[in-house]
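Trainee: mind looking at a prediction? Sequence and model below.
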Amino acid sequence: MTNTTIKERMTNYRWVIVAMLFMATTVNYMDRQVLSLTWKDFIAPEFHWTNSDYGTITSLFSLFYAISLLFAGRFVDWLDTKKGFLWAIGVWSFGAILHAFCGIATSGVLTGHWLVGFAEARELIGTVDNVGRVLNVSVTLFVIARFVLALGEAGNFPAAIKTTAEYFPKKDRAYATSIFNAGSTVGALAAPITIPLIAKYYGWETSFIIIGALGFIWMGWWQFSYNKPTLHPKVNKAELDYILQDNDDVKSDTDNNKGTKKLGLIKAFGYRQTWAFAFGKFMTDGVWWFYLFWTPAYLSSVYGLESSDPKAQIGIFVLYAITLLSIIGGWLPSYFVDKKGMHPYAGRMKSMLIFAFFPLLALAAQPLGRLSYWFPIIIIGIAAAAHQAWSANIFSTVGDMFPKSAIATITGIGGLAGGLGSVIINKGSGVLFDYSARVQMSFFGFNGEEAGYFIIFSICAVAYLIGWVVMKSLVPVYNPIVDFD
């Protein structure tokens, strides 16, 4: 056998890249979860927060995150993937740790004592008679910390989606995205079994510090392990040929090396493809954020299960374990392409339609919840899995429609739209829950806060079908953007 008949074995370094993206997303979501798992039982009693106050903080985080996404995409495209990701995770890790010092800062503003420990700060805050000032100062400080967190976290998905487009052909991008996007589920799984225990035994401040520090560890891994596939010594020619199998990707890489014109932010809004992606994100991102931010409070308010209660921890763990089924979302389009001969975009849209029906189960969460809290946990888990499957595919539509040089920018625009949807649902939920509890509102046989949750669950149930119909109307068939002029 001659050397010419020996086929070079393809390396698989692209999966190491996916592993790094997976870990970054896991840390990203753990940092977001710390507040939702500590505010009701640990932070609120200290600062006298209500549901509306928490809703204000979460909705402003969503707003900051949304606006930051618009610029984060441009930042990543300008700075490029490696440096852009390093900056993003460095900023959000600092912001996560910053939360821990909000109690000391509140004590300093109200009592003049700044150089104190966490426990002493809590004692000093307890001596302040003006509850309103404690509430207002603490909320303001947490909003500032959430702003820094949002500013950095906004860079995760634009950078991750851009990295996926660099290392995978179109037919595999949804699958790769579903794998790294599963980091959000793993982060949500790890959070309820670690964060409340840390908060209970070492203080809520320590939970922010420990989880926030994980991002700095990841930065070292990324610095020494990432480079573009065309330059990486661990990517051989066979793997590079596989990565660049799409003709337009090869052309895009060549054009980028020649300094091709970048897609301007204003120009991007002139494409129906941009609006389709943005509307799909607007309708559905808020649903995920609602499940992420409010499920611990839901179990506490409706079923009396505090976040440190083993029943609540097991329940939330099971919920997010179910969400791991979302990996099917990345496999299904590949099945339609490889087995049914469909175009990647058509296979993706068909998959998204299938996943859009599963969230309808949320309509039964509250009614069945009267039998056992396990029913809403399982149903929310299925709905969350459907969201993540949907999310992996809607992200991949950007790579279908736009060249690599514009992916982070379009992803940022969609993130802005999704963030605005999240602002509406988070703030609206907090106001609705306080109002429904105060007036003991009745709705479809539910009273008080339970009525408020039933209304929000109903909105979450139909959001995906509405989003899909509008997306399909805007871009009915595959129609890529190949020229910005």
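Mentor: Noted; the coordinates are in hand.

Trainee: helices of the stretch 151-300 of the chain, start to end?
Mentor: Under the criterion DSSP state H, counting those that start in this stretch, the stretch 151-300 of the chain contains helices at 156-167, 170-202, 204-225, 237-243, 247-257, 265-268, 272-303.

Trainee: can you list those in CSV and add mean pLDDT?
Mentor: Putting the helices of the stretch 151-300 of the chain into CSV (pLDDT from 0 to 100) gives the following:
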stretch, mean pLDDT
helix 156-167, 88
helix 170-202, 84
helix 204-225, 93
helix 237-243, 90
helix 247-257, 48
helix 265-268, 81
helix 272-303, 89
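
Trainee: quick check: which of the ones you listed is buried the most?
Mentor: helix 156-167 (a mean of 28; mean count of other Cβ atoms under 10 Å). All C-beta atoms are positioned from the backbone trio N, CA, C, and that covers glycine.

Trainee: I'd like to know which helix or strand in the chain has the lowest mean pLDDT.
Mentor: Using mean pLDDT, DSSP states H and E, helix 247-257 stands out as the lowest-scoring helix or strand of the chain, at a mean of 48.

Trainee: relative to residue 169, how far out is the nearest residue to residue 273 once chain neighbours are set aside?
Mentor: For residue 273, ignoring the flanking residues on the chain, the nearest one in space by Cβ to Cβ, 6 or more residues apart in numbering is residue 401 at 4.3 Å. Going from residue 401 to residue 169 by Cβ to Cβ, to the nearest Å gives 15 Å.

Trainee: neighbour count winner among those two?
Mentor: Using other Cβ atoms under 10 Å, the more surrounded residue of residue 401 and residue 169 is residue 401, with 23 against 17.

Trainee: who touches residue 163 in this structure?
Mentor: Going by Cβ atoms under 8 Å, 6 or more residues apart in numbering, residue 163 touches 17, 21, 81, 85, 226.

Trainee: hmm, try it at 7 Å
Mentor: 17, 21, 81 (Cβ atoms under 7 Å, 6 or more residues apart in numbering).

Trainee: okay, strands next: where are they in the stretch 51-200 of the chain?
Mentor: Using DSSP state E, counting those that start in this stretch, no strands are found in the stretch 51-200 of the chain.

Trainee: compare the contacts of residue 163 and tell me which has the most neighbours.
Mentor: Neighbour-wise, the contacts of residue 163 (other Cβ under 10 Å) top out at residue 21, 27 neighbours.

Trainee: got the contact list for the residue nearest to residue 312 when sequence neighbours are not counted?
Mentor: Closest residue to residue 312 apart from its sequence neighbours, by Cβ to Cβ, 6+ apart: residue 305 at 3.9 Å. Shown in contact with residue 305 (Cβ under 7 Å, 6+ apart): 299, 311-312, 315, 373.

Trainee: now do residue 93
Mentor: Per Cβ under 7 Å, 6+ apart, neighbours of residue 93: 212, 215-216.

Trainee: can you rerun that using 10 Å?
Mentor: By Cβ atoms under 10 Å, 6 or more residues apart in numbering, residue 93 lies in contact with 27-28, 31, 148-149, 152-153, 211-219.

Trainee: skip the chain neighbours and tell me the closest residue to it.
Mentor: Residue 93 sits nearest to residue 215 (Cβ to Cβ, 6+ apart), 3.1 Å away.

Trainee: might one say that that neighbour is in contact with residue 29?
Mentor: No - here residue 215 does not reach residue 29: they are 11.7 Å apart, not a contact under Cβ atoms under 10 Å.

Trainee: got any residues that touch both of the two?
Mentor: Contacts common to residue 215 and residue 29, judged by Cβ under 10 Å, 6+ apart, are residue 153.

Trainee: need the max-distance pair from the contacts of residue 93.
Mentor: 148 and 217 (19.1 Å; Cβ to Cβ).

Trainee: residue 221 and residue 408, how far apart?
Mentor: 21 Å.

Trainee: before we move on, back to that, from the contacts of residue 305, which land in helices?
Mentor: Among the contacts of residue 305, the residues falling in helices (DSSP state H) are 299, 311-312, 315.

Trainee: and which of the residues you listed is nearest residue 446?
Mentor: Closest to residue 446, out of all of the ones in helices among the contacts of residue 305 and judged by Cβ to Cβ, is residue 299, at 16.2 Å.

Trainee: report the buried residues of stretch 365-376.
Mentor: By neighbour count with 16 or more other Cβ atoms under 10 Å, stretch 365-376 contains the buried residues 365-366, 368-369, 373, 375-376.

Trainee: contact partners for the nearest residue to residue 185 once chain neighbours are set aside?
Mentor: Nearest non-adjacent residue to residue 185, counting by Cβ to Cβ, 6+ apart: residue 323, 4.2 Å away. When contacts are counted by Cβ under 10 Å, 6+ apart, residue 323 is found next to 182, 184-186, 188-189, 288, 291, 380-389.

Trainee: mind running it again at 7 Å?
Mentor: For residue 323, the contact set (Cβ under 7 Å, 6+ apart) comprises 185, 381, 384-385, 388.

Trainee: pick the one among the residues you listed closest to residue 282.
Mentor: Nearest to residue 282 among the contacts of residue 323, with distances taken as Cβ to Cβ, is residue 388, at 17.4 Å.

Trainee: from residue 397, how far out is the closest residue to that closest one other than its chain neighbours?
Mentor: The shortest distance from residue 388 to any non-neighbouring residue, by Cβ to Cβ, 6+ apart, is to residue 326 (3.3 Å). Distance check for residue 326 against residue 397: by Cβ to Cβ, it reads 17 Å.
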